[in-house]
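Below are the sequence and a predicted model for it; my questions follow.
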Amino acid sequence: MEYFNYSTVIIGSGLAGLYAAIKIQENLPDGKILLVTKADLGESNSRYSQGGIVAVLNENVSDNTASHIADTLNAGAGLSDFNVVKYISENSDKVIKDLISYGVEFDKDEEGNLMFTLEGAHSVNRILHCNGDETGRCIERKLSSLVSENENIIVMQNTIAVELIVENGACKGVVIFDGNNYRTILSNTVILATGGIGQLYKNTTNPLCATGDGIAMAYCAGAILQDMEFVQFHPTALAVQGNDRNFLISEAVRGEGAKLLDANGKYYMSEYHDMRELAPRDIVTRANFDRMEKCGEDFVYLDAKSIQAEKFKKRFPTIYATCERNGIDVSKDYIPVHPAAHYFMGGIKANVDGRTSIKGFYAIGEAASTGLHGANRLASNSLLECVVMAYSLAEFLKNNLDNTPIVISEDVEKNLRKYSQELGFIEYDTDTLKKELQNIMWDYVGIIRSEDTLKTANMQLQNLKYKFQRNSKCLNIAEYEFKNMLIVAQIIINSALNRKESRGAHYRTDYPLTKDVSEHNCILKQQGELSFVR
Ligand code: FAD
Ligand code: SIN
């Protein structure tokens, strides 16, 4: 095992990780940053984001932070933390302008004014986008190139972080694995920006890297997790088979006027909410699910014919091209869509600047749970949260970077020796195991849950754990991912059982009502057992 020292280690190269690397390097030019990422640089949920990023800009006279705060709290179904919402909203103007200063080009109209669009549950147009529906790719490309050009940021691609090194309540580094070799990276500042968990579900908009690694590692290291039962299902993923992920039909298409209808040709959203197609996401998702069940089909339709074809092509070039590739002419045909796991409101409990319950260990972006999104995320708030958290963490570290020399104990060294030992087992068929897990989560821990479905999931998960006997060292990256998926799935199930009410994205048929008082679910591994803590 080789050991290396860095002042800061960042795991993950989505928007949160890339932007954090740039800002921390800018604030602390003498430090050396290591950025470790599981696939190629920039491969992430961020890359595929479409609709845009919330921008509450001072010059947008029709908008203000009070209105954005109210919309976020309303979507969050009583579980959002007011101070966090306020902080993120009030920092939106600053970070969006900072992104623009790095060369991110948000779409503008012919007069050169920024174009703000509308998405579900927003009361005004406040979402900026790039190249129509390529917001994530454009921002990621720009930030990735800045990171690559920066000689003080060392990038390791195709390398997975597998274990946090924590001793006496402080993080001292992380173990990484490139498929052949293990390395121990010693650092007093370890930042997880590892994104979400969508790949735990059969239907998901998330790419292959979204396996919840960071959340599982944090849990194993003793960090507090929060609200792990809250998985957001997007109502409109393209209903075509055969991919690792479902292509998203952005909510912004509904923002431009597209309507939902069921397989019997009935437009139904007015039966479910006054805001119809632009109701909060959990409501539209459950409405779609309900219509699918009633019609006995595994899809509903999106009717985008009211959007003039040339406008659609210009505003949503990726969606237009993908539909066309699948034989769908959006000006003539209805688009078949169904819900898919999309975003994780739960995660590692963190402050707005990424501080967690463990000293020196930070979590930012989707891997973190700050309380911004509550029980249901407002569209396009996630990219904003990534940027504000990364910015705030870089500011925090400006005055708080810990450069004390790192000493690890004999016990820690002994634990790390496992990575040098041979594994006496055969390789597991992780593709098959992963599909089994995805089916369990989709069928029993999905959009609609109950004690019965959750207990069934629990039982089936125990069988799956029995088939996969890896507790620490694994043979390859896919096995590490699967190990993490099992850990996260178990915590989601337990948290869903523990929340005996329905709220936002967590809907239980046996507890359909929302309690008057909202409480976060906080989870911690204590003496090897999953415990709920206050
Ligand atoms: P990610 O972007 O997911 O990045 C995580 C990174 O960590 C990846 O590089 C991954 O490879 C790496 N990683 C993971 N585990 C490890 C490990 N063990 N070791 C090393 N590296 C690891 N939000 C909005 O606000 N607006 C939108 O328009 C929008 N559209 C979306 C469209 C789609 C299709 C999807 C999937 C999501 C969308 N979202 C949107 C949500 C948003 O994209 C994500 O929440 C956000 O990008 C998360 O950013 P992140 O940096 O936290 O994580
Ligand atoms: C979308 O474009 O519909 C996704 C937006 C989001 O997830 O915030």
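Nice, I can see it. Ligands and ions are numbered 1, 2, ... in the order given.

what does stretch 162-179 contact?
Residues external to stretch 162-179 that are found in contact with it (Cβ atoms under 8 Å, 6 or more residues apart in numbering): 9, 11, 36, 156, 158-161, 182-188, 190, 217-218, 220-222, 358-361, 406, 408-409, 411-412, 416, 419, 472, 474, 476-477, 480. Every C-beta, even on glycine, is put in place using the N, C-alpha and C of the backbone.

For ligand 1, tell me which of those residues show up nearby.
Among those, proximity to ligand 1 is found for 11, 36, 160, 161 (Cβ under 6 Å from any ligand atom).

Who are the contact partners of the third one?
Okay, so that is residue 160. Applying Cβ under 8 Å, 6+ apart, one finds that residue 160 lies in contact with 36, 38, 176, 177, 178, 213, 477, 480, 481.

mind checking the SS state of the nearest residue to residue 392 once chain neighbours are set aside?
Closest residue in space to residue 392, ignoring its immediate chain neighbours: residue 353 at 3.9 Å, by Cβ to Cβ, 6 or more residues apart in numbering. Under the three-state scheme (DSSP: H, G, I helix; E, B strand; the rest coil), the conformation of residue 353 reads as coil.

does any part of stretch 18-34 sit near ligand 1?
No - using Cβ under 6 Å from any ligand atom, no contact is recorded between stretch 18-34 and ligand 1, whose separation bottoms out at 7.5 Å.

Report the buried residues of that stretch.
The neighbour-count criterion (16 or more other Cβ atoms under 10 Å) identifies 18-25, 27-28, 31-34 as the buried residues of stretch 18-34.

same check, this time on stretch 417-425
Quick answer for stretch 417-425 (16+ other Cβ under 10 Å): residue 419.

circling back to that earlier point, quick check: helices, which of the contacts of residue 160 are part of them?
213, 477, 480, 481 (DSSP state H).

isn't the first one right next to residue 194, touching?
It stands for residue 213. Yes - with the criterion set as Cβ atoms under 8 Å, residue 213 and residue 194 qualify as a contacting pair; they are 5.3 Å apart.

Now list whatever residues contact both of the two.
Contacts common to residue 213 and residue 194, judged by Cβ under 8 Å, 6+ apart, are residue 161.

Pull up the gap between the closest residue to residue 136 other than its chain neighbours and ligand 2, please.
Spatially, and ignoring its direct neighbours in sequence, residue 136 is nearest to residue 49 (3.2 Å; Cβ to Cβ, 6+ apart). Taking Cβ to the nearest ligand atom, to the nearest Å as the criterion, residue 49 is separated from ligand 2 by 6 Å.

got a list of what residue 49 touches?
When contacts are counted by Cβ under 8 Å, 6+ apart, residue 49 is found next to 135, 136, 382, 383.

Distance check, it against residue 333.
In this structure, residue 49 lies at 25 Å from residue 333, with Cβ to Cβ, to the nearest Å as the measure.

again with residue 399
Applying Cβ to Cβ, one obtains 57 Å for the distance of residue 399 from residue 333.

Looking at the two now, which is surrounded by more residues?
residue 333 (15 against 7; other Cβ atoms under 10 Å).

Check that one and give its pLDDT.
Among the per-residue scores, residue 333 shows a pLDDT of 97.

Tell me if I am right that it is in a helix.
No - with three-state DSSP as the criterion, residue 333 is assigned coil and is not in a helix.

if you go through the stretch 301-450 of the chain in chain order, where are the helices?
Assigned helices in the stretch 301-450 of the chain, in chain order: 309-315, 317-325, 381-400, 410-416, 430-444 (criterion: DSSP state H, counting those that start in this stretch).

The second one - contacts with which helices or strands?
Think helix 317-325. Taking 3 or more Cβ pairs under 8 Å, 6 or more residues apart in numbering; DSSP states H and E as contact, the helices and strands that helix 317-325 lies on are helix 309-315.

near ligand 1 at all, the helix it packs on?
No - against ligand 1, helix 309-315 shows no contacts by Cβ under 6 Å from any ligand atom, the least distance being 13.6 Å.

residues of that helix that come out buried?
Along helix 309-315, the positions that meet the burial threshold by neighbour count (16+ other Cβ under 10 Å) are 312, 313, 315.

pretty sure the second one contacts residue 324?
No - counting by Cβ under 8 Å, residue 313 sits too far from residue 324 to count as a contact (9.3 Å).

Packing partners of the helix or strand containing residue 234?
Assignment of secondary structure by DSSP states H and E places residue 234 within strand 231-238. Contact analysis of strand 231-238 by 3+ Cβ pairs under 8 Å, 6+ apart lists helix 251-255, helix 281-295, strand 335-344 as its packing neighbours.

Report the contact partners of the residue of the chain found nearest ligand 2.
Ranking the residues of the chain by distance to ligand 2 (Cβ to the nearest ligand atom) places residue 51 first, at 2.6 Å. For residue 51, the contact set (Cβ under 8 Å, 6+ apart) comprises 117, 119, 127, 129, 133, 135, 250, 251, 252, 255, 379, 380.

buried subset of those?
117, 119, 127, 129, 133, 135, 250, 251, 252, 255, 379, 380.

on that earlier part again, how about the contacts of residue 49 in JSON lines, adding pLDDT and distance to ligand 1?
Conversion of those to JSON lines gives the following (pLDDT from 0 to 100; distance: Cβ to the nearest ligand atom, whole Å):
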{"residue": "135", "pLDDT": "97", "distance to ligand 1": "6"}
{"residue": "136", "pLDDT": "97", "distance to ligand 1": "6"}
{"residue": "382", "pLDDT": "98", "distance to ligand 1": "4"}
{"residue": "383", "pLDDT": "98", "distance to ligand 1": "4"}
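
what about residue 286, how many neighbours?
Taking other Cβ under 10 Å as the neighbour definition, residue 286 ends up with a count of 20.

Surely it touches residue 507?
Yes - the pair residue 286 and residue 507 qualifies as a contact (Cβ under 8 Å) at a distance of 6.4 Å.

Overlap in contacts, those two.
447, 448.

Any chance you could note which residues of the protein sit beside ligand 2?
Counting by Cβ under 6 Å from any ligand atom, the chain sits next to ligand 2 at 50, 51, 250, 251, 252, 343, 379, 380, 382.

hmm, try it at 8 Å
49-52, 119-120, 133, 232, 234, 236, 248-253, 281, 342-343, 377-383 (Cβ under 8 Å from any ligand atom).

Tell me where the model's unsure across this structure.
Applying pLDDT under 70 to the chain flags the ranges 425.

rerun that using 90 as the cut-off
Applying pLDDT under 90 to the predicted model, the residue ranges of the chain that meet it are 1, 120, 241-244, 422-427, 471, 534.

give the contact list for the residue of the stretch 1-150 of the chain found nearest ligand 1.
Using Cβ to the nearest ligand atom, the point where the stretch 1-150 of the chain gets nearest to ligand 1 is residue 14, with a distance of 2.0 Å. Residues counted as contacts of residue 14 (Cβ under 8 Å, 6+ apart) are 42, 44, 45, 46, 47, 140, 193, 195, 365, 366, 386.

Go through those and name the one nearest residue 204.
residue 45 (10.1 Å; Cβ to Cβ).

what's the helix or strand for the nearest residue to that closest one once chain neighbours are set aside?
Sequence neighbours aside, residue 195 is the residue nearest to residue 45 in space, at 5.1 Å (criterion: Cβ to Cβ, 6+ apart). Per DSSP H and E, residue 195 falls between elements, in no helix or strand.
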